[in-house]
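Engineer: Okay, here's the prediction I keep looking at, along with the sequence it came from:
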Amino acid sequence: MRKDLKEILDTYYQSKNHPGEITEAKPDPLLVLGQYQDDELFEEIALICALLSYGNAKQIVLLLKKLDFSLLKSSVEQIQNAHFPLYRFQTSQDIQNLFIAIYQISQTTRIKDVILAGYAKNGNVIDGIHFAMQTLHTTLLTLQKSCAKTTKSNGLDFLIGKINPNPKGSSPLKRWNMYLRWMVRKDCLDFGRWGGEIATSRLILPLDTHTFRTCQKLNILKRKTYDLHAAILATEALKDFDPIDPVKYDFALYRLGQEKALDTI
């Protein structure tokens with residue numbers, strides 16, 4: 001079955017690994033992000049897109065289309081005076097403050113360098129993610145002290161995420177791991193801007209509730225708790241099929257569940 005499953009996943013990966021899989025009829029955040037590939041702040045734009053990518057794919061795309069990413073090249077004052085939409089758990093001010101924090105970080109460094117600084121300690125992407133999360137939280141706290149309009153909130157904390165050193169029971173960090181997938185991997189869908197900086201074998205599956213159920217149904221994952229430990233276990237299982245690039249199966253697993261194709265396997 002494992003050999004058969006590898007053939008199924010490889011075939012499905014090949015069939016989904018082309019630009020035609022990202023359309024208005026098949027919405028995905030990459031539909032919007034792909035329009036900014038030549039932007040000098042592409043990785044900062046990508047992070048905003050990733051952190052806001054939760055919920056219904058169609059609604060995510062509609063939200064991302066409303067955002068003026070050129071504000072990341074303006075000033076804190078201009079960002080504060082701009083209009084931002086609200087989205088689910090986030091107020092318009094939450095999204096505005098996310099823009100301000102990422103703008104502020106980009107004035108002195110790049111998001112890639114922040115993540116790589118954390119990653120370099122042990123070659124662990126979770127360390128890189130945690131360091132980036134901490135940097136965002138610290139930046140917001142600093143801004144809060146100097147600017148009354150910049151405030152912390154539950155909605156903003158949800159966007160950035162909470163740091164938990166124990167993978168059992170903690171968030172799968174789906175949106176952060178998806179961001180790394182976009183930045184590190186290179187194929188027809190992922191951009192591979194950081195190729196060579198982080199090995200694809202180090203990536204962790206961006207596990208959401210849909211791919212979690214798909215992995216369970218395919219016996220890739222036996223763990224019943226949806227957490228970071230489950231994402232790590234699923235990634236290790238996928239290394240049986242491709243030890244160098246296990247996360248390449250992420251989009252295929254997502255589409256398998258979304259298209260209800262599991263019943264045909």
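Structural biologist: Arrived safely.

Engineer: so residue 205 touches residue 234, yeah?
Structural biologist: Yes - using C-beta atoms under 8 Å, residue 205 is in contact with residue 234, at 4.9 Å. (Each C-beta comes from the backbone N, C-alpha and C, glycine too.)

Engineer: Mind listing the shared neighbours of these two?
Structural biologist: Common contacts of residue 205 and residue 234 (C-beta atoms under 8 Å, 6 or more residues apart in numbering): residue 211.

Engineer: State the mean pLDDT of whichever helix in the chain runs longest.
Structural biologist: The residue-count maximum for a helix in the chain (DSSP state H) belongs to helix 125-146. Per-region confidence: helix 125-146 scores 93 on mean pLDDT.

Engineer: Ok, stretch 99-118 next?
Structural biologist: In the prediction, stretch 99-118 has an average pLDDT of 97.

Engineer: Quick check: nearest residue in space to residue 43, chain neighbours excluded?
Structural biologist: Nearest non-adjacent residue to residue 43, counting by C-beta to C-beta, 6 or more residues apart in numbering: residue 111, 5.2 Å away.

Engineer: quick one: the one you found from residue 65, how far?
Structural biologist: Noted for residue 111: a distance of 22 Å to residue 65, by C-beta to C-beta, to the nearest Å.

Engineer: Who has more neighbours out of the two?
Structural biologist: The neighbour comparison of residue 111 against residue 65 (other C-beta atoms under 10 Å) goes to residue 111, with 21 against 11.

Engineer: residues in contact with that one?
Structural biologist: 43, 44, 47, 102, 105, 132.

Engineer: How about residue 153?
Structural biologist: 91, 93, 94, 97.

Engineer: that older thread, helix or strand right after the longest helix of the chain?
Structural biologist: Next in sequence after helix 125-146, counting helices and strands by DSSP states H and E, comes helix 154-160.

Engineer: From the chain's centroid, how far away is that next one?
Structural biologist: Remark: helix 154-160 is offset 15 Å from the chain centroid, using C-alpha atoms, centre = their mean, to the nearest Å.

Engineer: What's the local residue count around the nearest residue to residue 217 once chain neighbours are set aside?
Structural biologist: Excluding the flanking residues, the one nearest residue 217 by C-beta to C-beta, 6+ apart is residue 262, at 5.4 Å. Neighbourhood size, residue 262 [other C-beta under 10 Å]: 13.

Engineer: same deal with residue 78?
Structural biologist: 13.

Engineer: tell me which element it is part of?
Structural biologist: Using DSSP H and E, residue 78 falls in helix 76-81.

Engineer: Show me where the stretch 151-265 of the chain dips below the pLDDT cut-off.
Structural biologist: The stretch 151-265 of the chain contains residues with pLDDT under 70 at 151, 264-265.

Engineer: all helices for the stretch 101-250 of the chain, in order.
Structural biologist: 111-119, 125-146, 154-160, 174-184, 209-217, 228-238, 250-258 (DSSP state H, counting those that start in this stretch).

Engineer: In this structure residue 177 contacts residue 203, no?
Structural biologist: Yes - using C-beta under 8 Å, residue 177 makes contact with residue 203 at a distance of 7.0 Å.

Engineer: Comparing those two, which residue is more hemmed in?
Structural biologist: For residue 177 versus residue 203, neighbours defined as other C-beta under 10 Å are more numerous around residue 177 (25 against 22).

Engineer: Who are the contact partners of that one?
Structural biologist: Shown in contact with residue 177 (C-beta under 8 Å, 6+ apart): 125, 129, 203, 204, 205, 206, 207, 231, 247.

Engineer: repeat that with 6 Å
Structural biologist: Counting by C-beta atoms under 6 Å, 6 or more residues apart in numbering, residue 177 touches 204, 206.

Engineer: what packs against the longest helix of the chain?
Structural biologist: The helices and strands touching helix 125-146, judged by 3 or more C-beta pairs under 6 Å, 6 or more residues apart in numbering; DSSP states H and E, are helix 92-106, helix 111-119.
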